[in-house]
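Novice: Quick one: sequence plus predicted model below, questions after.
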Amino acid sequence: MLSKRNLLAVMLLLAGLMVAPALSQDDLMGDFTLSHYFGGFGGEFIEQIVDDFIAANPGLMHAESPVDHEQFKTSILVQLAGGNPPDTFSYWAGARIQFIVDDGFLMPIDDIWEANDMDSQFPQAVIDTAATYDMHKYALPLTLHWVGVFYNTALFEQVGAMTPTTWDELVDVADKFKMAGIPAFALGSRDRWPAQFWFDMILLRTAGNDYRQALMSGEASYTDPEVVRAFGLWKELVDAGYFNADANAYGYIDSANMVANGEAAMTLMGTWIGGHFASVEMTPAEDFDYFSFPTIDADTPRASLGPIDTFVVAADANNADAAKAFLVYLTNPDVQWAFAEGAGNLAPSLMVDTSNYNDVVARIAGEIADSAVYAFNYDLATPPPVAEVGLNSFSEFMANPGDYEAMLERVQADAQAEFMAMMDG
Amino acid sequence: MLRRHKWIVPASFLLLPLLVYFTFVILPTLNSLYYSFTNWVGYGSDYKFIGLANFEKIFSDRLFSNAIRNTAIWLALAMTVPTLLGLALALGLQGKRRINTVYKSLFYLPICLSPVIIGIIWVWLYSPKLGIVNIFLRALGLNELATAWLANPNTALIAVFVAWAWQQTGLNMVIFLAGLTSVPAPLVEAAKVDGANTWQTLRKVIIPMLRPSTVVVLALTAINALKSFEIIWVMTRGGPFNKSDTLAVFMYSESFRKFKMGYGSSAAVILFAMTLIIIFLYFKQIARAEELYD
């Protein structure tokens, strides 16, 4: 029997063959280099589509340089600065792309954007936030992740809970689980980033995206009433004992497993958790389901949150033509769909037939379409040095929620120092 | 003629290693010293020379003081715990009985593992639910002592230190064992004949004779302690919220997580200066020991 992975390889190959004639450009010659940070399924996928791309363009020679996810953040910057970057590489949309656009390390892709009418291929919110920097197009969105509350359906039935749509309902549901002796919220914040979604979502649902944007860029303060209120609401949940004990001791896979094994009811996480649930034989909409983070202030515009992975072209690319042709290749709906399906994420392209999505992902696509804004998670929305300060504060908060106002004073002082240092540089 | 140019032969042999040493040790060291006076971000050629600004800033940096405090705790523990344990093991396992050889190998074994592997092993041992440390404590009925060792801000640094000491002790044991072979047996016997008990023999004869080994152990331990980074990074990455940050971790975080290479370099320079002091003291002690024996 064909394994899921092999089946995918065959599908990709067929997709590649179908689109190959349209893609082959006789003038593409020479070496083509690419770096990416995807591991597991994503890594294999990228390697497969690169092979397809090279097969369609016999004039190209492929030289790949895959690196470890953590290492990538540093090594790509060193390569860019050294003037010998890969022609194209994966990068996180948001502050991280802005960071390297500011340094002049990226090549605008306005030409291929217009030539291929990409404005009609992607949702406006994604084009504005993920692709466009300083009025130019720089990044080609490949995959989109959405953060919501994923829950164990059997446990919800067991305690007779309905999916909440407001904060009060969320607290009621959490209370039901507390009565049943089950932690309502699984959180594994050992690697810090999983905790950020709580701050992100509460702030987006109260102060809204405009205020959050100001905070992320250093124009607002962590001691503002908006931030204090967000932490206060978060603290209510922690103080009530709705979270599992020792959140900082576990990784995000541990928290996903707590939900999968029925040791906790729900977890606030990105759509990639669907990939993990699938690997432990959970069926979407049957064994697990999701709900959008509840409304807190009804008049706050609806915002979606999550990272978007893109591919960009280096300003110093040796083979910019090949890099741009590769980016165009990535807009192919078959490619976008295959990646989304394999990784359990969403395809940013509007050309992808959403009827292929499983029930959970299809409804999430609807949530995104209904959102007024698409925001990036904390560590991609604020510059890296500030993100370090904030991420540490989220872990500290989970360990000592009581002192959060004093903590926010420190966070503000440190964040301000980092913003000042960046302006000096 | 030949005699006057006697230095040419050794110099030509030394030229290559010296060149390598200069290129890969001296030059990068001078380079980080240079960067510590700049606001370089770690990539690109766009930076300013800012004099001593990094050093002025670092001494009022809350996270730097935190790292200094943790490094001081780490150093104090490192100088005592694995040193005393290594000495105790060496005293207990000296001699040629076969079982001793087995034990010696067992205690030495951790040295053969990379600190990264040791870190991963201990992360498992400390796992809050499934880790053997907590399982053991619960089995003894000490439930209230079972904690999330690496996530608890009060235990993280010590928990990582225990893993580090587990490795360091084996090394110290071997150095002390080597030292013990140079303690003349007649001297120990003479002490016993003179009526000294075991404790007195140890304190008045063996330990003073072990002075050169002790100097080596303390110097190596101190240098290893100051540079210990991998095991902390693997186990906690300095967390939770900087509670297990040492100077080396601080230096790495500032340079590679916050992209402040100039600032990180100033931490590196301070760490280097501290190590240099220890090396200086070490050589002074060695010189003194040599004088004694001459």
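Specialist: Okay, I see it. Numbering: from 1, shown residues only, chains lettered A, B, ... in the order given.

Novice: going forward, measure contacts and count neighbours with C-alpha atoms only.
Specialist: Fine.

Novice: gap between the residue nearest the centre of chain A and chain B?
Specialist: Geometric centre of chain A, nearest residue: A:Pro307, 2.1 Å, by C-alpha atoms, centre = their mean. From A:Pro307 across to chain B, the span is 19 Å (C-alpha to the nearest C-alpha, to the nearest Å).

Novice: Which residues of chain A lie near chain B?
Specialist: A:74, A:77-78, A:80-82, A:190, A:246, A:248-249, A:384-386, A:388, A:392-393, A:395-396, A:399, A:425 (C-alpha under 8 Å from any C-alpha of the partner chain).

Novice: Tell me where the stretch 51-200 of chain B has helices.
Specialist: With DSSP state H, counting those that start in this stretch as the criterion, the stretch 51-200 of chain B has helices at B:53-58, B:62-93, B:98-108, B:115-125, B:132-139, B:156-181, B:185-193, B:198-201.

Novice: Show the pLDDT at the residue of the stretch 51-200 of chain A found nearest chain B.
Specialist: Going by C-alpha to the nearest C-alpha, chain B is nearest to A:Ala81 of the stretch 51-200 of chain A, at 4.3 Å. On pLDDT, A:Ala81 comes in at 83.

Novice: do the same with A:Ala22
Specialist: For A:Ala22, pLDDT reads 46.

Novice: Could you do B:Leu220 as well?
Specialist: With respect to pLDDT, B:Leu220 scores 88.

Novice: A:Gly188 now?
Specialist: Note for A:Gly188: predicted pLDDT of 95.

Novice: Tell me how many other residues crowd it.
Specialist: 26 (other C-alpha atoms under 10 Å in any protein chain shown).

Novice: again, but for B:Leu142
Specialist: Other residues close to B:Leu142 by other C-alpha under 10 Å number 12.

Novice: cool, and A:Ser279?
Specialist: For A:Ser279, the neighbour count with other C-alpha under 10 Å is 10.

Novice: Would you quantify the distance from it to chain B?
Specialist: On the measure of C-alpha to the nearest C-alpha, A:Ser279 and chain B end up 22 Å apart.

Novice: re earlier: separation between the residue of the stretch 51-200 of chain A closest to chain B and A:Ala278?
Specialist: Distance from A:Ala81 to A:Ala278, counting by C-alpha to C-alpha, to the nearest Å: 40 Å.

Novice: These two - which one has more neighbours?
Specialist: Using other C-alpha under 10 Å as the criterion, A:Ala81 and A:Ala278 rank with A:Ala81 on top: 20 against 15.

Novice: Break chain A down into its structural domains.
Specialist: A:4-145+A:306-351, A:147-305+A:380-424 (automatic domain parsing).

Novice: Can you give the distance from the first one to the centre of its chain?
Specialist: Offset of domain A:4-145+A:306-351 from its chain centre (C-alpha atoms, centre = their mean, to the nearest Å): 16 Å.

Novice: swap in stretch B:101-118?
Specialist: That offset, for stretch B:101-118, works out to 16 Å (C-alpha atoms, centre = their mean).

Novice: if you look at it, does any of it touch chain A?
Specialist: No - on the criterion C-alpha under 8 Å from any C-alpha, stretch B:101-118 is out of touch with chain A, staying 15.8 Å away.

Novice: So whichever residue of the stretch 1-150 of chain B sits closest to chain A: helix, strand or coil?
Specialist: Closest residue of the stretch 1-150 of chain B to chain A, C-alpha to the nearest C-alpha: B:Gly44 (4.3 Å). For B:Gly44, the assignment made with DSSP: H, G, I helix; E, B strand; the rest coil gives coil.

Novice: ok, how many other residues are close to A:Asn248?
Specialist: Other residues near A:Asn248 come to 27 when the count uses other C-alpha under 10 Å.
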